[in-house]
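Chemist: what shape does this take:
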Amino acid sequence: TDPSSPEGSDTRALRGAVHEISARRRSEAEAARERRLLGRLLEGVGDGVHGLDASGAIVFENAAALRMFGWRTEEMLGLHAHSLVHHHHPDGRPYPVEDCPIYRTLRDGQPRQVADEVFFRKDGSSFPVEYTCNAVQGAGGGIEGVVVAFRDVTERQRAEEASRESEARSRRLADATFEAVAFHEQGRILEVNRAFCAMFGYDREGEMIGRSVLELAAPESRDTVLEHIRSGSEQPYEAVGLRRDGSRIVAELRGRPLALQGRSARVVVLRDVTERKRAEEQVAHLTRLYATLSQINQSIVRVRTREELFSAIGRAAVEHGGFALAWIGEIDREARIVTAVATHGAAAQDAASIRLDLGDPRAREGLIGRALHTGELASTHDIQNDPALGHVRALAESHGLRAAAAVPFRCGEEVAGFVVLAAEEADYF
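Modeler: From the prediction side, this is the model:
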């Protein structure tokens, strides 16, 4: 056919129309397939999904949404979504549509995420939800609708509430107990009870929140505390703690893992055993003293000379009593000098050269001077920190001597000399 003839022109027009119709049908078929595929995908989603048109009317609900709402599809399509399922706040106040985040997205196209509202079921009951809403843009750029994906968070809220109640019960129980209780996360304090504050000399729980538990441990105990934290050990152990005023306590600790405020924390119970340890130490000290006295009594029976007796006393004090040093001195009445006649222990050689002038005011204030004046035992908790014992501080520091006591012995009615015992522990006597 001649393309320039009317018949040729009509043929081309007919072919073009057929092609356009065929293309449109293919496009519509593809769109229908895409809609069916999208529908199947949304039906398989566990979260609820509903679609609204530009007026806020419902145009789509997936199976999860229908289960949550309790409606059938045909009952919801075309109805105003806010009036149907979103009409009140969680506290029962009416929810104006202009305040609704979903309808704000319909107006401005901005996506939103909400986590503290409720939707309503067909039976009028509500359920807590968290949801996101995203605008659907049309071909011309305008907003044609909004897609809302939501989730029923009832079970999660119940679990959170149960966790909060459990934590509250734990805090009440912790405050009710006489033992000190602390909750920490990797050593950082989260909660403490009143007994814990009192143990460490603090007035309020808030003064301790956020602090490291290592700040409350004495330097020699920090590695032990840290090891138990890192290993998660539940075995009891002892550690030395530092009170707010710098004083020290001995505590027995036991901890175990615990969930607190959504964190993997650790609860630790502390018992102050300072007095018990002090009593145990006193018993041990007395046992050592009795062992020393027993050996001295046996020596008195066996020895024949004063020199042998003094040597036996010093040896018994160190070998059986566990003292670091035994120093025995006699008084020269004419010179008023006290000199060593026997020494025993690691510091014996250095201590043998000690001479005390009883006329020196410093000697009168020291252990021997006080023992001479009272005729009774005189002691110090710590040689190294006693200002009256400066003349023997260098000896004490070089040999690790701490507590000491001077015991006078008599010849007739007069004090003839002194037995001085020194221990490596402070506060021994």
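Chemist: drop to CA atoms for contacts and neighbour counts, all remaining ones
Modeler: Noted.
Chemist: show me what contacts the spatially most central residue of the chain?
Modeler: Closest residue to the average C-alpha location of the chain: H184 at 1.4 Å, with C-alpha atoms, centre = their mean. Taking C-alpha atoms under 8 Å, 6 or more residues apart in numbering, we find H184 in contact with 190-191, 265-267.
Chemist: what helix or strand does it sit in?
Modeler: For H184, the element it lies in under DSSP states H and E is strand 180-185.
Chemist: next: Y290.
Modeler: helix 274-302.
Chemist: check which helices and strands that helix sits against.
Modeler: Here helix 274-302 touches strand 248-260, helix 306-319, going by 3 or more C-alpha pairs under 8 Å, 6 or more residues apart in numbering; DSSP states H and E.
Chemist: other residues contacting the longest one?
Modeler: In other words, helix 306-319. By C-alpha under 8 Å, 6+ apart, helix 306-319 touches 289, 292, 295-296, 299-300, 303, 323-328, 341-345, 421.
Chemist: can you give me the helices in this protein?
Modeler: 6-43, 63-69, 73-76, 81-85, 101-108, 154-176, 194-200, 222-231, 274-302, 306-319, 348-351, 361-365, 367-374, 393-399 (DSSP state H).
Chemist: to G255, which of those lies closest?
Modeler: Nearest to G255, of all the helices of the chain, is helix 222-231, at 8.4 Å by C-alpha to C-alpha.
Chemist: angle of that closest one against strand 248-260?
Modeler: 10 degrees (axes from the mean of the first three to the mean of the last three C-alpha atoms, to 10 degrees).
Chemist: mind listing what's buried along helix 222-231?
Modeler: Neighbour counts over helix 222-231 (16 or more other C-alpha atoms under 10 Å) mark 222, 225-226, 228-229 as buried.
Chemist: what is the nearest of those residues to G375?
Modeler: R222 (44.4 Å).
Chemist: sorry, back to before: export the buried residues of helix 222-231 to TSV and tack on pLDDT and distance to F409?
Modeler: Compiled in TSV, the buried residues of helix 222-231 are given as follows (pLDDT from 0 to 100; distance: C-alpha to C-alpha, whole Å):
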residue	pLDDT	distance to F409
R222	95	45
V225	94	47
L226	93	50
H228	93	51
I229	92	54
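Chemist: give me the neighbour count for A335.
Modeler: Applying other C-alpha atoms under 10 Å, we find 10 other residues in the vicinity of A335.
Chemist: follow-up on the earlier one: need the buried ones from the contacts of helix 306-319 selected in ChimeraX.
Modeler: A single ChimeraX command selects the buried members of the contacts of helix 306-319 (16+ other C-alpha under 10 Å):
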select :289,292,295,296,299,300,323,324,325,326,327,328,341,342,343,344,345,421
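Chemist: how far is stretch 355-362 from where the chain is centred?
Modeler: 55 Å (C-alpha atoms, centre = their mean, to the nearest Å).
Chemist: revised request: answer the last question for stretch 400-409.
Modeler: So, by C-alpha atoms, centre = their mean, the centroid of stretch 400-409 is 43 Å from its chain's centroid.
Chemist: buried residues of stretch 228-248, list them for me.
Modeler: Buried, per 16+ other C-alpha under 10 Å, within stretch 228-248: 228-229, 238-243, 248.
Chemist: out of these, the closest to R336 would be?
Modeler: Taking C-alpha to C-alpha as the measure, R336 lies nearest R248 of these, at 41.8 Å.
Chemist: is that closest one in a bridge, and if so with what?
Modeler: L242 (DSSP bridges).
Chemist: can you pull the contacts of it?
Modeler: 218, 240-242.
Chemist: kindly recompute the last result at 10 Å.
Modeler: 200, 216-218, 240-242, 274 (C-alpha atoms under 10 Å, 6 or more residues apart in numbering).
Chemist: just for the stretch 251-400 of the chain, where's the confidence low?
Modeler: 261-262 (pLDDT under 70).
Chemist: these two touch, right, T224 and G241?
Modeler: No - T224 lies out of contact with G241 (C-alpha atoms under 10 Å); the separation is 11.8 Å.
Chemist: which neighbours do these two share?
Modeler: A217.
Chemist: can you give me the neighbour number for P101?
Modeler: Neighbours around P101, by other C-alpha under 10 Å: 17.
Chemist: so how far is G56 from it?
Modeler: 12 Å (C-alpha to C-alpha, to the nearest Å).
Chemist: one step back: pull out the buried residues from the helix holding Y290.
Modeler: Per 16+ other C-alpha under 10 Å, helix 274-302 contains these buried residues: 285, 288-289, 291-293, 295-296, 299-300.
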